[in-house]
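In: Provided below are the primary sequence and the corresponding predicted coordinates.
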Amino acid sequence: MTWIGHNGGPSPEPGQTWRRHCWQQARERLLPTLPVEVVRLRVKRAAELGLDYRTYASVRAATGHDVVAFLFSSNALRLLAPASVLPADRAAKLASLADCGRVALAIRPLTVADVARAATARAGGPLLEAVHPAPDLLGRWREAGLALRSALGQVPGDRVILVGETALERDWCAAGRLAGWIAADRYFGA
């Protein structure tokens, strides 16, 4: 018997143990076994992106694509006032990223210039490729999606991870059809 929301897995009726066993066997046969060389390359790529392998692998599995860029909210970068300076741990993490785009979203009252200045002052050079205005935290869904698409330019959203601080920022992930969302404390290792 199936009902709305049922995924076709084992039902809770009698004989459940056998059906669960069959279901698990079928799932294992569906999952690919990656050659060890591919796993090594993906572990290396995860390190280049500053991600743990499990997070990187789950994004690849969900989207089928590599991560090519990050969107950082100004909250995630700990830039909370116009005169803020990018904290040393944030600057070090941004500087360590390899082969990926780094774009920031300036949340009001910060301006694009405030965030760009703060990210440049710490390192003596730009740590971000671009800074764009963030969608309004309580704005409309469509407008948030358009603002995120504008920030990404030609980069497909399903290849971008959003690093954010608040639950409202997490909603941007769906609005922009992004690959995923990571809490700033987790990403920056606090």
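Out: Okay, I see it. None of the values given here were measured: they were computed from a predicted structure.
In: can you dump the C-alpha coordinates of stretch 165-172 into CSV?
Out: Listed in CSV are the C-alpha atoms of stretch 165-172, where the atom choice follows Å, rounded to 0.1, in the frame of the first residue of the first chain:
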residue,chain,number,x,y,z
GLU,A,165,25.1,32.3,8.8
THR,A,166,21.3,32.4,9.2
ALA,A,167,18.2,30.3,8.3
LEU,A,168,17.0,33.1,6.1
GLU,A,169,20.2,32.9,4.1
ARG,A,170,19.7,29.2,3.8
ASP,A,171,16.5,29.8,1.9
TRP,A,172,18.5,31.6,-0.8
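In: buried residues in that stretch, which are they?
Out: 165, 168-169, 171-172 (16 or more other CB atoms under 10 Å). Heads up, the C-betas are built off the backbone N, CA and C, glycines and all.
In: tell me where the protein has strands.
Out: Chain-ordered strands for the chain, with DSSP state E as the definition, fall at 69-73, 101-106, 130-133, 160-164, 180-183.
In: how about TSV for those strands, with mean pLDDT and distance to G145 added?
Out: Rendered in TSV, the data for the strands of the chain read as follows (pLDDT from 0 to 100; distance: least, CB to CB, whole Å):
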stretch	mean pLDDT	distance to G145
strand 69-73	95	13
strand 101-106	93	13
strand 130-133	94	14
strand 160-164	95	13
strand 180-183	93	15
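In: hang on, the earlier thing: would you point out the most distant pair within the buried residues of stretch 165-172?
Out: The largest distance within those, taken as CB to CB, falls between E165 and D171 and amounts to 12.6 Å.
In: average pLDDT for the longest helix belonging to the chain?
Out: Longest helix in the chain by number of residues (criterion: DSSP state H): helix 16-30. Per-residue pLDDT values over helix 16-30 give a mean of 78.
In: now find how far off-centre it is within its chain.
Out: 32 Å (CA atoms, centre = their mean, to the nearest Å).
In: with stretch 177-184 instead?
Out: Its chain's C-alpha centre lies 3 Å from the corresponding centre of stretch 177-184 when counted by CA atoms, centre = their mean.
In: C-alpha coordinates for that stretch, PDB please?
Out: This file holds the C-alpha atoms of stretch 177-184, laid out as PDB (Å, rounded to 0.1, in the frame of the first residue of the first chain):
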ATOM      1  CA  ARG A 177      18.800  26.700  -7.200                       C
ATOM      2  CA  LEU A 178      22.200  26.300  -5.700                       C
ATOM      3  CA  ALA A 179      24.100  23.100  -5.100                       C
ATOM      4  CA  GLY A 180      24.000  23.400  -1.300                       C
ATOM      5  CA  TRP A 181      24.300  25.500   1.900                       C
ATOM      6  CA  ILE A 182      27.000  25.200   4.600                       C
ATOM      7  CA  ALA A 183      26.900  27.000   7.900                       C
ATOM      8  CA  ALA A 184      29.700  29.400   8.300                       C
END
